[in-house]
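In: Sequence first, predicted coordinates after that:
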Amino acid sequence: MDLGPIALQTRIGFFAFSLTFLLSSTTEGLPIFLQERRILMRETSRGAYRVSSYVLANTFIFLPFLLMVAFLYTTPVYWLVGLRQNIDGFFYFSLVVWMVVLMSNSFVACFSALVPNFIMGTSVIAGFMGSFFLFSGYFISKKDIPSYWIFMHYLSLFKYPFECFMINEYGGEQGSGRCIEIEGGECKLFGDGFLRQQGLRESQKWTNLAVMLGFVIGYRVLSFFILWYRCYRTRN
């Protein structure tokens, strides 16, 4: 049965595992970005094309590919795990996964423009990913994070999709009538009550997606300025 603290923790653990897998797997694109950076700097120095053209083309090329990756992951996993059994929940879950891999890809693209080599890149990216996971709210709740580290909670790439997964699973009209913990034959905790315990609101289902999109755009814009500066330095 889908009841009790063990079932609840198992499902939350699955969300955390999914994010760890998705965010870490896209770092394999680092060698590609580093190779493209060398070609970019050589060709822009000759006036072949602009840095903005490369960044835009690189972004749009990855959109359909990563959408396919998202559906390849969610289509079997969503139903096998037994998550919210409706098509709206599935498509929202897939949308969040797509945004996660886009965020990770943009994050790697940004740091590949900054780091000098592959070894430094993997070290820096792994360090940041570990920090993002630590401060996401899964291991340490927001109220227990020291005030001087709270900024990492809001910069975490894990925080926003993790909250989206939980709201999608336990929110909405279905969540208000979904018992997730029963004691003595009576429901002790409903889905919407669990979300309130976690400090989550239904409206965050979409605002978190907007924040994730902001991360995608922000990292891409930052990668543009870093690449532009490196190419400028090379030409001069």
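Out: Good, I have the coordinates. Numbering: from 1, shown residues only.

In: use CA for all of it now, contacts and neighbours both
Out: Noted.

In: what are the ranges of the helices in the chain?
Out: In the chain, the helices defined using DSSP state H lie at 5-25, 30-44, 51-81, 87-112, 118-134, 150-155, 159-170, 172-176, 191-197, 204-235.

In: would you list these in TSV and tack on distance to Gly185, mean pLDDT and mean neighbour count?
Out: Output for the helices of the chain, formatted as TSV (distance: least, Cα to Cα, whole Å; pLDDT from 0 to 100; neighbours: other Cα atoms under 10 Å):
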stretch	distance to Gly185	mean pLDDT	mean neighbour count
helix 5-25	15	84	15
helix 30-44	53	87	17
helix 51-81	26	92	14
helix 87-112	28	94	22
helix 118-134	37	88	16
helix 150-155	38	91	16
helix 159-170	21	92	23
helix 172-176	18	73	15
helix 191-197	17	83	18
helix 204-235	32	91	17
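
In: right, and those helices - which one's nearest Ile140?
Out: helix 118-134 (7.1 Å; Cα to Cα).

In: Report the backbone C-alpha coordinates of that closest one in PDB.
Out: Output of helix 118-134 as PDB, limited to C-alpha atoms (Å, rounded to 0.1, in the frame of the first residue of the first chain):
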ATOM      1  CA  PHE A 118      38.600  19.100 -18.700                       C
ATOM      2  CA  ILE A 119      40.100  18.200 -15.300                       C
ATOM      3  CA  MET A 120      39.400  21.600 -13.800                       C
ATOM      4  CA  GLY A 121      36.000  21.600 -15.400                       C
ATOM      5  CA  THR A 122      34.900  18.200 -13.900                       C
ATOM      6  CA  SER A 123      36.200  19.200 -10.500                       C
ATOM      7  CA  VAL A 124      34.500  22.600 -10.400                       C
ATOM      8  CA  ILE A 125      31.200  21.200 -11.800                       C
ATOM      9  CA  ALA A 126      31.200  18.200  -9.400                       C
ATOM     10  CA  GLY A 127      31.900  20.500  -6.500                       C
ATOM     11  CA  PHE A 128      29.000  22.800  -7.300                       C
ATOM     12  CA  MET A 129      26.600  20.000  -8.000                       C
ATOM     13  CA  GLY A 130      27.400  18.500  -4.600                       C
ATOM     14  CA  SER A 131      26.900  21.800  -2.900                       C
ATOM     15  CA  PHE A 132      23.600  22.300  -4.700                       C
ATOM     16  CA  PHE A 133      22.400  18.900  -3.500                       C
ATOM     17  CA  LEU A 134      23.500  19.600   0.000                       C
END
